[in-house]
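Novice: sequence and predicted structure below; questions after.
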Amino acid sequence: MKFSYTYFFLATILFFSVSSSFAQVVITGTILDAHTKEPVTYASVYVKRTGVGNTSDSAGNFRIVVNSLKKDSLVVSYVGYALFIIAVRDSNNNLPINIQLQRGGLTNNVIIKAKFNKGLFLWRKIMSKKKQYNRYNLSNFGYEAYNKLEVDVKNFKVGRIKKNPLLKPFTFVLENIDSTSEKDPFLPAYLLESISDYGYQKNPKKFYENIRASNTKGFKNESISKLTGVMNQNINVYGNFVNVMDKDFIGPFNDNADDYYSFSVPDTQTFGEKKIYHFVFRPKRPGQNTFEGDAWVFAQTWQIQKVSLYLGKDANINFIDRISVFQEFIPVNDSIYFLNRDKFFADFRVLGKQSLTLIGRKSTSYRNIIINNDSINNFFKEQKIEEIVKTNDGLTNVTDSAWSGLRHDSLSVNEKAIYTTIDKLLQMPKFQKLERTLKFLGSGYKNIGNLEIGPWFNWISGNMWEGTRFRFDLGTNTGFNKHIYLHGYLAYGTTDKKLKGLAEAFWILKKSPRLRLHAAYSNDIDNGISQIGEVSQDNIFSLAIRKPNVNRKFIQTKEVRFEVFKEWGKAGFSTELFLAHHAFTPLQNLPFKSNFPTTEGAPLTSFEVALKLRWAYLETFIQGDYFRYSLGTKYPVVEIMATKGIKGITGSAYDYTKLSASIKDKVKISPYGSFSYKLYAGKVFGTLPFTFLENHPGNDIYYYNGNVYNLMNRFEYLSDQYAGINIEHNIGSGLFRFIPLTRKLKWRQFWNAKSLWGSLSDANATLNDAKNTFKTLNSTTYLEVGTGIDNIFKLLRLDFVWRLSQTPGTLAKTARFGIFGSFQFQF
C-alpha cells in the first residue's frame, strides 16, 4: 500500500506539471519608436492582471511566459512615450506583436524632488567630456556617407482620389499603400539617394565633400544633387544648438542647458559588460526652442551610445507636426565613439489635422571612418578655401546594378516600389500635362514647344498714366538652346494708347565658375519695375494695396544695355561690367526735359560704363535652366560699384562719376533669434539732373518691402552723397511665448530700424529745383522704426512703422505712421 500511495502522489505531481506546461502562453514581440522605427530598448512590458513582465532587450525584443491567458492586456511603458495597452489572448501564443510607441509621455511624469539630482549629476559628467567627444574637436576625420531621403504621403482619401477626374489616371500608385508598418496607412511617394566621401579638418577649418552618385528620379539638376549630400545636413548633438529647418534649437548638451532643461535618470542597464544609464531630458518651460528626448550614456567614460531628440506640434516651427532625430555611436578606437547612423524624420502638414501629410524620412549611415589621420591633413593642403562640394561626372547616370553595390543596405519593398512607380509616372503623357499645369499656376510660366509664356500675373495691371495695362511676355526654353535665353514683352495702356516693351538675350558661356553675357533694349514706363523689392507695381496684385492720396510720379525710360558677368574661382568673388545708354522722359509730377537744357547732347540722356565687384564667400545656389537662385552664405556679402558717365557718346550730355559700396549679413544670435544688417554709402561727382542722382527708394504701396523706406514715397528725397544702415532683429517667440493663446498661434516678434543720412550740393539743388519738387536731407537723419507680428496664420507678417524724423508738422498722418502687410513662406 505504501508503494501505491507514493506512486499516486508522484503521478499527480507529474500530471499537474504537464498540464501546467501545456497551459503556458509565450508572448513575444518588438517595440519600436513609431516615428523613427528605431528599437525602444529596456522598455517595461507586463501582463496587466498577473503582473508578469519583462524588459525589452537592446534590439527592442521581449518575451514573456505566463501560465494562462484567458483575457488580459499587455502594458508597455517607457519614459518619454505614451502608455501603450493592447488586448492579448491565448491565441497570441508565439505570435510576435509589433508595438510602436508614440512620443508624448514626458509631460505626464511625476517629478520627485530630491536632495541629490542624479539627472543633473549625469549631465555634468557628460559635459565634462563634451569637448573630447565632439567630433568637430578632433584634428580631422573622414568617412563614406550613404544618404537616403524617402517622402511618404498620409491622410489621403482613396475614394476621392479614384473619383477625381484629374487624378483618376494615376490611381495605380495606390497599389503601393502600406497599411501594416504604421498605425495609419501611408503611400511611399519619392526617394532620393546619394553616396559621398566627406572630410573635415579642424585647424585651419576646412570641409570637403565629393558626391560620387546621386539617384534623383525625375530631374538631373546638379545643384539639387549637391543638397542631397551630408555637408549641410549634419546634426551635432554635442553642439550648443541643433539646426532644424534653418532654425536653431537649444540642444540638451548646450553649455547652459540646465537653464532650459530638467534631467532625470529613470533606469540603469548593462550593455555588454558596461553599465549604461538612461538619461532623460525635457523642457523646463513651454514655448522655448528646446527638445524632449533621451540618451543612453556609458558609466565612467560618459560617452553617448545613442540619443533621440523630439519636437512636438507645440514647437514654434511651421507646417510640421513632429520631428524626430536619432543618432547612434560606435567605437572607432579605445577612447572614441563616432557617429554610425543618424535619422531625421519630419511630418509636414500645411492645413488642418486631417489634411494631407507628407512624411520625410532621412537616414544616413557612415562607413570607412578614419580620425586624426595625416592623410586627411595632406589632402587639405591643396584646398585653398574653407568648403568645397564636388560632384562626379555622370553622378545621376549610375545604373541600378551599380547602386546595388554602392548602398550600405538594400532597398525595402516600399523603396523599390517607389522607383518603379516614378518611372511609370514620368512616362505618362497625362502626368506630364498635370505637371505643366501645376507649374503654370505656381510659377506663372508655361512652355509651348520651344517657347515660354508668362508670368500670368503680369498680364494685367493698371495705373493713373497708362490706365489699364496689358502685358505679354514671350521667351525661349532649353528646347531652343541650352545656353542662350531670349526674352521680351510688349505692354499697352488703354489711356496713353502707347506700346512699350523689352527685348533681351542671355548667353551662359560657362556655368561654373559662371560666365554670362546679357544684352537688352527696353522702352517702358518706370512703374516701380526697377525698384528693389519683393513686389513690383507692374502686376495684378498691386492694384489693391496702393497708398491713397499719393501723387504718383511717372517717367519713361529708354535703355540699351550690355553686361558681362564673371565669377572668379570658387571663393565667391565676381565682377560685372556694364555698358549702358539711358534716355529719360518725365511724364507726370516730375520736372520735364525742358527744365534741363544742354549745350551738347540730348537732355536727360547719358552713356555710362560701370564695374561692380562682389564678394559672397561660400555662397550656395540652386541652378535653374538659365538662372540661379541664391541660398545665401554664412558670411557678409560685400559689393563695390564704380560708374563713369561719358559725354558726347550717342547723344550723352553728361560727364560724371558715381561710387557706391554696401555690406550686408544675417547672423544667428541663438537663442535670441537672428540679426540682419545692411550698411551702404555712395557719392555722385557732377552737376546732374535728378535721373542721375540718388533717388532714395520709397514705397507707394502697402506691401512691406525690406529694402526700401516704406513711409517715404518714390522720388521724394534726392541726394548726391549719402550713407545709411538698415537693421532687423527677428526674436522668435519673444514675449508671445508667455501668453498661452499667442504661443499656440506661434506668433513671432521682431523689430527693425532704417536710418539714412544724405545731402545735395547747392549746384544740384538749384538745377533740380529741390525746394519745390524734391526734398533733401541736408545732412540730417531720416529714421524709420518698426515692430510687428510675424507668422500670423503661418504666412502673414504685419509691420507697424513710425517715421521719427524728417516729418514736418504739415505732413499727413499717413506719412508718420503706417501698417504694412507681406507674405512669406518660412518654417
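Specialist: Now that the structure is in, tell me what you want to look at. Numbering: from 1, shown residues only.
Novice: tell me where the stretch 1-150 of the chain has strands.
Specialist: Applying DSSP state E, counting those that start in this stretch to the stretch 1-150 of the chain gives strands spanning 25-33, 44-47, 53-55, 61-66, 72-77, 84-88, 97-101, 140-154.
Novice: in CSV, list the ones you listed along with distance to T766 and mean pLDDT.
Specialist: Where you see a C-beta, it was placed from the backbone N, CA and C, and this is true even at glycine. As requested, these are arranged in CSV below (distance: least, Cβ to Cβ, whole Å; pLDDT from 0 to 100):
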stretch, distance to T766, mean pLDDT
strand 25-33, 76, 82
strand 44-47, 88, 81
strand 53-55, 90, 78
strand 61-66, 90, 82
strand 72-77, 85, 82
strand 84-88, 84, 80
strand 97-101, 80, 81
strand 140-154, 65, 86
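Novice: so which of these comes closest to F207?
Specialist: Among the strands of the stretch 1-150 of the chain, strand 140-154 comes nearest to F207, with 10.8 Å by Cβ to Cβ.
Novice: so is the nearest residue in space to E387 that is not next to it in sequence in a helix, a strand, or just coil?
Specialist: If you skip the residues right next to it in sequence, E387 has F207 as its closest partner in space, 4.6 Å away by Cβ to Cβ, 6 or more residues apart in numbering. For F207, the reduced secondary structure class is strand; criterion used: DSSP: H, G, I helix; E, B strand; the rest coil.
Novice: next, the contact list for F207, please.
Specialist: If a contact means Cβ atoms under 8 Å, 6 or more residues apart in numbering, then F207 has 198-200, 231, 386-388 as its contacts.
Novice: and of these, the nearest to E619?
Specialist: Within the contacts of F207, proximity to E619 (Cβ to Cβ) peaks at E387, which comes in at 10.8 Å.
Novice: measure the closest one to L187 for me?
Specialist: Distance of E387 to L187, computed by Cβ to Cβ, to the nearest Å: 37 Å.
Novice: neighbour-wise, which of those two wins?
Specialist: L187 (22 against 17; other Cβ atoms under 10 Å).
Novice: I'd say the more buried one and D152 touch.
Specialist: Yes: counting by Cβ atoms under 8 Å, L187 touches D152, with 6.3 Å between them.
Novice: can you pull out the strands in the stretch 151-300 of the chain?
Specialist: Remark: strands of the stretch 151-300 of the chain, listed N- to C-terminal, are 186-201, 206-216, 241-244, 247-250, 261-271, 274-283, 292-298; assignment by DSSP E, counting those that start in this stretch.
Novice: also the stretch 701-827 of the chain?
Specialist: Taking DSSP E, counting those that start in this stretch to define them, one finds strands in the stretch 701-827 of the chain at 718-719, 721-732, 748-759, 781-792, 796-803, 817-823.
Novice: where along the stretch 451-600 of the chain do the strands fall?
Specialist: Going by DSSP E, counting those that start in this stretch, the stretch 451-600 of the chain shows strands at 451-453, 460-463, 467-476, 484-493, 499-511, 514-525, 554-568, 573-588.
Novice: those: which one's closest to Y419?
Specialist: Going through these one by one, with Cβ to Cβ as the measure, strand 499-511 comes closest at 28.5 Å.
Novice: can you name every helix or strand that that closest one contacts?
Specialist: Using 3 or more Cβ pairs under 8 Å, 6 or more residues apart in numbering; DSSP states H and E, the elements in contact with strand 499-511 are strand 484-493, strand 514-525.
Novice: and N61, how many neighbours?
Specialist: 14.
Novice: find the nearest non-adjacent residue to it, please.
Specialist: Using Cβ to Cβ, 6+ apart and skipping residues adjacent in sequence, the residue nearest N61 is T30, 5.4 Å away.
Novice: G467 now?
Specialist: T495 (3.0 Å).
Novice: low-confidence stretches in the stretch 501-650 of the chain?
Specialist: Within the stretch 501-650 of the chain, the segments meeting pLDDT under 70 span 527-548.
Novice: now with 50?
Specialist: Residue ranges of the stretch 501-650 of the chain with pLDDT under 50: 529-535.
Novice: can you check the stretch 51-200 of the chain too?
Specialist: In the stretch 51-200 of the chain the weaker segments, taking pLDDT under 50 as the threshold, are 106-112.
Novice: let's see 90
Specialist: Within the stretch 51-200 of the chain, the ranges that satisfy pLDDT under 90 run 51-119, 132, 147-194.
Novice: how about the stretch 701-827 of the chain?
Specialist: Counting by pLDDT under 90, the stretch 701-827 of the chain shows low-confidence ranges at 701-708, 710-717, 732-746, 765-781, 791-795, 804-819, 821-827.
Novice: try it again at 70.
Specialist: Scanning the stretch 701-827 of the chain with the threshold set as pLDDT under 70 gives 770, 806-814.
Novice: beta-bridge partners for G786, please?
Specialist: Each beta-bridge partner of G786 is listed here, defined by DSSP bridges: N752, V801.
Novice: repeat for the one 4 residues further on
Specialist: Beta-bridge partners of D790, counted by DSSP bridges, are R748.
Novice: who does N215 bridge with?
Specialist: Where N215 sits in a bridge, its partners, by DSSP bridges, are E193.
Novice: residue contacts, E144?
Specialist: Counting by Cβ under 8 Å, 6+ apart, E144 touches 195-198, 366-368.
Novice: what's the spacing between it and K570?
Specialist: In this structure, E144 and K570 are 23 Å apart, going by Cβ to Cβ.
Novice: what does D33 give?
Specialist: In this structure, D33 and K570 are separated by 41 Å, where distance is defined by Cβ to Cβ.
Novice: in terms of neighbours, single out the busier of the two.
Specialist: Residue environment comparison for D33 versus K570 gives the larger neighbour count to D33, 23 against 17, counting by other Cβ under 10 Å.
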